[in-house]
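Asker: Any chance you can model this:
(2 chains)
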Amino acid sequence: MSDRNEIKNQQEALPIFDHRDGLMDAIHNHNVLVIIGETGSGKTTQLPRYVIEEFKNTRVGVTQPRRIAAISVAKRVAEEYGCRLGDMVGYTIRFDDTTSSRTRLKYMTDGVLLREATMDPLLEKYDLLIIDEAHERTVETDVLFGLLKRTKAKRPNLKIIIMSATLNVTKFSDFFDECPIYEIPGRTYPVEILHSRDISKLGTLKSGYVAKTIDTVMHILSKEVRSGDAGDILVFLTGQNEIEQACQELKNVVLEKEKEDRESSSTSSSSRAKSVSLDRLQILPLYASLELLDQNAIFGSTPRNCRKIIFATNIAQTSVTIPNICFVVDSGFVKQKMYDPTTGMDALLVVPISKAAATQRAGRAGRTRAGICFRLYSRESFETEMDDETVPEIKRTGLTGTVLSLKQLGILDVNGFEFLDRPGEEELSAALRELYLMGAIDQYGRMTDVGHGMVMYPVNPLLSRSLVEAEKIGCLDQAIVIAAMLSVEEPFYMPRKEKEQEAANLAHDHYRHPSGDHVTLLNVFEAWQDENYSKDWCHENYFNYRHLRLARSIRSQLRDIVDRNSHHKKDTQKCSSNDQQESQHPHDRKNLGGNSSDSKQSAKTSSSPSLSQLIRQAFSQGYGIHLSKKHQHRPMFYHYLASMLSPSAGAASGTTSSSLLALHVSPLSALYLDEERSLTKYGRKVSRSLEWIFYHEVVYHVKAVMRYASKIDDVKWVQDTMDRVKNFDRGNVWLNGERSEGQLDGMARDVAVDGGETEDSANTKRGSENPAEGESDEQAKKRARLEMVEAARKRALVRRQNQS
DNA sequence: TGTGGAACA
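Answerer: The predicted structure is shown next:
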């Protein structure tokens, strides 16, 4: 009883409580509404509950960018509502669905809703949808925006609420015909912001910000003392290495200072500065890949007279809230992915944050009481050098998967789709080109049967294409394992100490398959399976248990999808006319359904290809756009497609330096000969038998290295892709087709290319007042981004040259 | 001497 009263008191103390009537009126009167309120206003937990209480029988969906948020919020709301989780209130995330037929309020990740939309584009399960944390602008959120706008046109009664933290939300409102904006005041404490007096440009600060954070922390420790307890410190840096380094460095500096203090206190009678002692400090790193997020150390309260200093990545800006932070030290930088559509590769770069991000970081100091934010950059840099907002993710990543799901949603003319922020023309074209070359869409931009097969699988398009092929030639079970392994982070664990590295390499060697890394991954998984998915086995053999476990979940999800679908197929096959293209594949006749024992047996028969060959055949279809061919005289490879298509590369970049295209076999790859690995770290020779290989992705090591590569035994395996490359190169038929097939608004594409203006594009671009100027500004920014990517690559290459 | 930031289906 007292529990319930306490809950009630807490609820009524939230700022949103006084706005209940106003909000309900607004939702009654408007079908689309933007609500802004800082974290702590109660909007995420309270508003959806108000809605299901106020509107009887309304089915409400609330999306979150992150799984933990969906889970924890749903749990709390169920408790507050007084029901069991999964009854009236529940959540759905990948691998975990707690909802039931009685659930009326469902929290989920935005990816889940997007996935549901591919089955049911009208989203008829919901009467009201709330997109929460819209300011984070994940790709999924952005696509949902465009999708909901279309859905609303067909279901005018659907209610949509956009919830966001920042004040700069006119963009959201404009997108939905200038719908009303409702503001809930936040409940935060004032944060004093101190800028650095160093007026260097951000570019120069980049080299020295780690050292400066240490200085600043030392300053806070010795000078900034608040009454009572001192208040914890949060430092924003960019990456794991940097953070570990900073933690160590701070410890060293503090030790030195201690020594100094002891010496000076023995000579002089009193020191004005507060003395600092290492045993009264907790210095903690915080980044996502930290083995176990030490809950108590980071989130728990510190002992008396003890101070926490946390060095964190951006994870502390959005995903994780640490209590009792009083001081924030903001380096002004972040690591961001940048995608280069001309090569289809991306690079991870340290770039300045945006003004919005800086404000958010500063806000972390004022959650429990008034605080101070130290910025390591000048006010001028903040005002003039930083972008207002972080570039939305959708403009920074490859869009192949996104475009394919849009096609599945029935959006044939992707160029005419209304994006909240339009991705670059080159990125869209690159995505369409890749889909065409994979055989997922035809020259008119229409989805093929292959494409329909691909969207079933919630994995990277390269992998889903491989799975479609694997089903066709009868090695689906194995391909699913490999696809799952490729969907998780590095399963091979490599210790830091050199001696242990040798042991790890030896352990890994045991599973390496001469044909390459794909079969190797299968070997690893099957070995682990044979050991009953043992954790100890992972440790003994240097594999990452967490990642393998995730791979296992993904594998079973993929198998479920296959099972469900094959039942469906059996049901419909008899009555529908079979207009599927006749396959010319030699192995097509046998074993279409293919369970593992069958295909293993068939692999044994002398005339058929081996299982390893079947698998690589399947994957070489999926990786048709990731082909590389060996250089005739040198131990390197060339990106095959880029060399075929590069003349058509974007005019904006103009950067097609041939050095880009030189790819190397990773020393960690099964294709990299053992004796070389023991000779030199980045050896020179690759097996002579290698001619063609396919690879999963390229990473920038000391040079461009192919991560997960396998042999192609016969160039016929990739003949289909090569034929499509030739077709594509000859006529660009598909681009014309995309335009003529799309309805009128397909013209938007011409606008973007020519810089002209039509009525249709004026509609799609509403919100930017001066399209011509906005466009060129965009282009300039994009060029700058591409140049940064290019610079990073050059640096990597220079490092390599210095090394040899 | 070093590749990865953080998230999701």
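
Asker: Secondary structure element for the closest residue to DNA strand B within the stretch 251-400 of chain A, which one?
Answerer: Of all residues in the stretch 251-400 of chain A, A:Lys337 sits closest to DNA strand B, at 2.7 Å by Cβ to the nearest atom of the strand. In this view, the C-beta of every residue, glycine as well, is placed from N, C-alpha and C. In this structure, A:Lys337 sits in strand A:333-340 according to DSSP states H and E.

Asker: hmm, back to that, which residues touch the residue of the stretch 251-400 of chain A closest to DNA strand B?
Answerer: Contacts for A:Lys337 (Cβ atoms under 8 Å, 6 or more residues apart in numbering) come out as A:346-349, A:396-397.

Asker: Might you list the low-confidence residue ranges for chain A?
Answerer: A:1-4, A:224-229, A:265-276, A:291-296, A:569-607, A:642-661, A:673-689, A:729-804 (pLDDT under 70).

Asker: at 50 instead, please
Answerer: Applying pLDDT under 50 to chain A flags the ranges A:226-227, A:269-272, A:574-605, A:647-660, A:675-684, A:730-775, A:803-804.

Asker: one step back: can I get the contacts of A:Lys337 in CSV with neighbour count, secondary structure and distance to DNA strand B?
Answerer: Shown next, in CSV, are the contacts of A:Lys337 (neighbours: other Cβ atoms under 10 Å; DSSP: H, G, I helix; E, B strand; the rest coil; distance: Cβ to the nearest atom of the strand, whole Å):
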residue, neighbour count, secondary structure, distance to DNA strand B
A:Asp346, 19, strand, 8
A:Ala347, 19, strand, 6
A:Leu348, 15, strand, 4
A:Leu349, 17, strand, 8
A:Arg396, 18, coil, 7
A:Thr397, 17, coil, 7
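
Asker: Make JSON lines out of those residues and add distance to A:His19.
Answerer: Formatted as JSON lines, the contacts of A:Lys337 follow (distance: Cβ to Cβ, whole Å):
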{"residue": "A:Asp346", "distance to A:His19": "43"}
{"residue": "A:Ala347", "distance to A:His19": "45"}
{"residue": "A:Leu348", "distance to A:His19": "42"}
{"residue": "A:Leu349", "distance to A:His19": "42"}
{"residue": "A:Arg396", "distance to A:His19": "36"}
{"residue": "A:Thr397", "distance to A:His19": "37"}
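
Asker: and of those residues, the nearest to A:Leu85?
Answerer: Closest to A:Leu85 out of the contacts of A:Lys337 is A:Thr397 (33.6 Å), distances taken as Cβ to Cβ.

Asker: now that closest one: how far from A:Gly344?
Answerer: For A:Thr397, the distance to A:Gly344 equals 11 Å [Cβ to Cβ, to the nearest Å].

Asker: residues near A:Tyr444, how many?
Answerer: A:Tyr444 has 15 neighbouring residues, counting by other Cβ atoms under 10 Å.

Asker: Repeat that for A:Arg549.
Answerer: A:Arg549: 15 surrounding residues under other Cβ under 10 Å.

Asker: what helix or strand does it sit in?
Answerer: Going by DSSP H and E, A:Arg549 is in helix A:545-573.

Asker: Same check on A:Ile615?
Answerer: helix A:611-622.

Asker: I'd like the next helix or strand past that helix.
Answerer: Once the chain leaves helix A:611-622, the next helix or strand it forms, by DSSP H and E, is strand A:627-630.

Asker: what's next to that next one, contact-wise?
Answerer: For strand A:627-630, the surrounding residues in contact (Cβ under 8 Å, 6+ apart) are A:620, A:636-641, A:663, A:686, A:690-695, A:706, A:709, A:712, A:718, A:721.

Asker: Kindly write the ChimeraX command that selects the buried subset of these.
Answerer: Only the buried entries of the contacts of strand A:627-630 go into this ChimeraX selection, using 16 or more other Cβ atoms under 10 Å:
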select /A:620,636,637,638,639,640,641,663,686,690,692,693,694,695,706,709,712,718,721
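
Asker: Mind checking which of the contacts of strand A:627-630 are in strands?
Answerer: A:637-639, A:663, A:692-695, A:706, A:709, A:712 (DSSP state E).

Asker: that older thread, for the residue of the stretch 251-400 of chain A closest to DNA strand B, give the beta-bridge partners.
Answerer: Here A:Lys337 sits in beta bridges with A:Leu348, as judged by DSSP bridges.

Asker: Tell me the secondary structure at the residue of the stretch 551-700 of chain A found nearest DNA strand B.
Answerer: Relative to DNA strand B, the nearest point of the stretch 551-700 of chain A is A:Val699 (5.0 Å; Cβ to the nearest atom of the strand). Under DSSP: H, G, I helix; E, B strand; the rest coil, A:Val699 falls in the strand class.

Asker: Number of residues surrounding it?
Answerer: 16.
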